[in-house]
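# Can you look at this prediction? I've put the sequence above it.
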Amino acid sequence: MQKEILKKYARLLVKTGVNIQPGQTLVINAPVEDAEFVRIVAETAYKEGARDVAVSWNDEILAKTRYMLAPDEVFDEFPDWKKEFYLSYAEKGAAFLSISASDPELMKDVDPKRISRANKANSMGLNEYRKRLMSNENSWCVASIPTDAWAKKVFPELSQEEAVGRLWEAILKSVRADLPDPVEAWNAHKATLAENIDRLNQLELKRVHIRNKLGTDLKVELPDGHIWMGGSDYTADGVEFIANMRTEEIFTAPFRKGVNGKVVSSMPLNYNGNLIDGFSLTFKDGRVVDFTAEKGSETLKQLLETDEGAGYLGEIALVPYNSPISNMNILFFNTLFDENASCHLALGKAYPVCLKGSEPMTEVELIEAGINDSLVHVDFMFGTEDLEIDGETKDGQQVPVFRNGNFA
């Protein structure tokens, strides 16, 4: 990949993604394979006024070795230094950029219970830090660049070099970095999202009814005072940022105990190196009471058993079937992309900012208001070309929200 294109992408992440401020520290979480690009991001951040750049590296090959060979008890532990690393920077107002890129099936031979225990320990250790990000106390952004294993999974028919090139092309197109002025392109995109967000918020929906021919028939109640969001977010200090640098979604939080019916997945879910595919979830009074899966059933079971809140929904997001990422007709095996090609739901923690007046509320008060809490937040896709969604307003009016997979 040409260095000038990488520099353009890096600047987009620094300026539009986390929107680095003069004197602010940037914390980057990235795979060791992506070192070259991370160095470009760091250089860009310094040139844009960052005080410092700190990097936390991860190595999924080493992680698999640990899962396969380490003694059992280590998967219930989380190092204090890692908790301090993230939380101390967060408390000092740092911005956080995460590079998401992994082999979708690297962990298929690992005991799912080990992964589940490690994820739970990790989530508990970083719980306070993640709450800050989900409440927009710090600016943050998640983006991707190719790795060899991921590219080969997406384009198995191509050579390694060709597969990486094709994945780079798809990623840059999805984030508008292939355009002459990506920053201006994002400004226009945010304006389009804002129009649909305003329409949904004006409706003040009480619930939505979701149906398609895959077998999804789900009613999702929405809490009083819910807010539809999308595009950019703002920190408490008014700094605009884009948390998902490929976003096409408009989302809100469901009412915790107001979900009933069945939803069927429309894409595989890559969950920590394991694929869950062909699955369905049945809800009663908000909670998953039954599930099926053609692949990854044990992984799905472990996810649902993470904690009390993992079996409830934390997000409902609307994405038109006729949208840029969907129209690429590529299965990325990466939720950050696939969720922006399809309407999706999330198991686990809800974003408190999706409720009016949530800022001073405690965790107990948020749950009482219908906002779910959990150590996990895992998106899965249900959108299809024939998807229909009907809304019901507070005064009982029925309004079409989606028809044939797109906004009505």
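Structure received. Everything numeric here is computed off the predicted structure, so don't read it as measured data. Residues are numbered from 1 along each chain as shown.
# Show me what counts as buried in the longest helix anywhere in the chain.
Selection of the longest helix in the chain by residue count, based on DSSP state H, yields helix 182-203. For helix 182-203, burial by neighbour count (16 or more other Cβ atoms under 10 Å) applies to 182, 185-186, 189-190, 193, 196-197, 200, 203. Placement of C-beta: from N, CA and C, glycine included.
# Which strands and helices lie in contact with it?
Where contact means 3 or more Cβ pairs under 8 Å, 6 or more residues apart in numbering; DSSP states H and E, helix 182-203 is packed against helix 3-12, strand 229-230, strand 250-252.
# So which of those is nearest Thr384?
Smallest distance to Thr384 across those (Cβ to Cβ): 17.6 Å, for strand 250-252.
# quick one: the closest one to chain centroid distance?
Strand 250-252 sits 12 Å away from the centroid of its parent chain (Cα atoms, centre = their mean, to the nearest Å).
# Just the CA coordinates for the helix or strand of the chain with the lowest mean pLDDT, please, in PDB.
In the chain, the helix or strand scored least confidently by mean pLDDT, DSSP states H and E is helix 324-327, which has a mean of 88. C-alpha atoms of helix 324-327 as PDB (Å, rounded to 0.1, in the frame of the first residue of the first chain):
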ATOM      1  CA  PRO A 324     -22.200   1.600   0.700                       C
ATOM      2  CA  ILE A 325     -20.700  -1.300   2.700                       C
ATOM      3  CA  SER A 326     -23.700  -3.600   2.000                       C
ATOM      4  CA  ASN A 327     -23.400  -2.800  -1.700                       C
END
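# Show me what it is packed against.
Counting contacts by 3+ Cβ pairs under 8 Å, 6+ apart, helix 324-327 packs against helix 160-174.
# what about the helix it packs on, average pLDDT?
Mean per-residue pLDDT for helix 160-174: 95.
# what do you get for stretch 40-55?
On average, the pLDDT along stretch 40-55 is 98.
# What residues sit buried inside it?
Using 16+ other Cβ under 10 Å as the test for burial, stretch 40-55 gives 40-42, 44-45, 48, 50, 53.
# Give me the angle between the longest helix of the chain and helix 160-174.
60 degrees (axes from the mean of the first three to the mean of the last three Cα atoms, to 10 degrees).
# what's downstream of helix 182-203, the next helix or strand?
strand 205-211 (DSSP states H and E).
# Switch the buried residues of stretch 40-55 over to JSON lines, and while doing so, append secondary structure and distance to Gln398 to every line.
Listed next are those as JSON lines, based on DSSP: H, G, I helix; E, B strand; the rest coil; distance: Cβ to Cβ, whole Å:
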{"residue": "Ile40", "secondary structure": "helix", "distance to Gln398": "51"}
{"residue": "Val41", "secondary structure": "helix", "distance to Gln398": "48"}
{"residue": "Ala42", "secondary structure": "helix", "distance to Gln398": "52"}
{"residue": "Thr44", "secondary structure": "helix", "distance to Gln398": "50"}
{"residue": "Ala45", "secondary structure": "helix", "distance to Gln398": "49"}
{"residue": "Glu48", "secondary structure": "coil", "distance to Gln398": "49"}
{"residue": "Ala50", "secondary structure": "coil", "distance to Gln398": "51"}
{"residue": "Val53", "secondary structure": "strand", "distance to Gln398": "52"}
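# Identify the farthest-apart pair in these.
Largest pairwise distance in the buried residues of stretch 40-55, by Cβ to Cβ, is 13.5 Å, between Ile40 and Ala50.
# ranges for the strands of the stretch 1-150 of the chain?
Shown for the stretch 1-150 of the chain, the strands assigned by DSSP state E, counting those that start in this stretch span residues 25-31, 52-58, 95-99, 140-143.
# Throw those into TSV and include distance to Asn340, thanks.
Output for the strands of the stretch 1-150 of the chain, formatted as TSV (distance: least, Cβ to Cβ, whole Å):
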stretch	distance to Asn340
strand 25-31	20
strand 52-58	23
strand 95-99	16
strand 140-143	11
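# thought Val41 was touching Leu12?
No - using Cβ atoms under 8 Å, Val41 makes no contact with Leu12, being 10.3 Å away.
# relative to strand 205-211, how tilted is the longest helix of the chain?
110 degrees.
# orientation of helix 182-203 relative to helix 3-12 in degrees?
40 degrees.
# Mind naming the longest strand for this structure?
What stands out as the longest strand in the chain, according to DSSP state E, is strand 274-284.
# could you give the angle of whichever helix or strand comes after that strand to strand 274-284?
Proceeding N to C from strand 274-284, the next assigned helix or strand is strand 287-295, under DSSP H and E. Here strand 287-295 runs at an angle of 150 degrees relative to strand 274-284 (the same axes, to 10 degrees).
# Could you list every helix and strand in contact with strand 287-295?
strand 274-284, helix 297-304.
# got the contact list for that strand?
Under the criterion Cβ atoms under 8 Å, 6 or more residues apart in numbering, residues 257, 268, 275-283, 297, 300-301, 304, 311-312, 347 lie in contact with strand 287-295.
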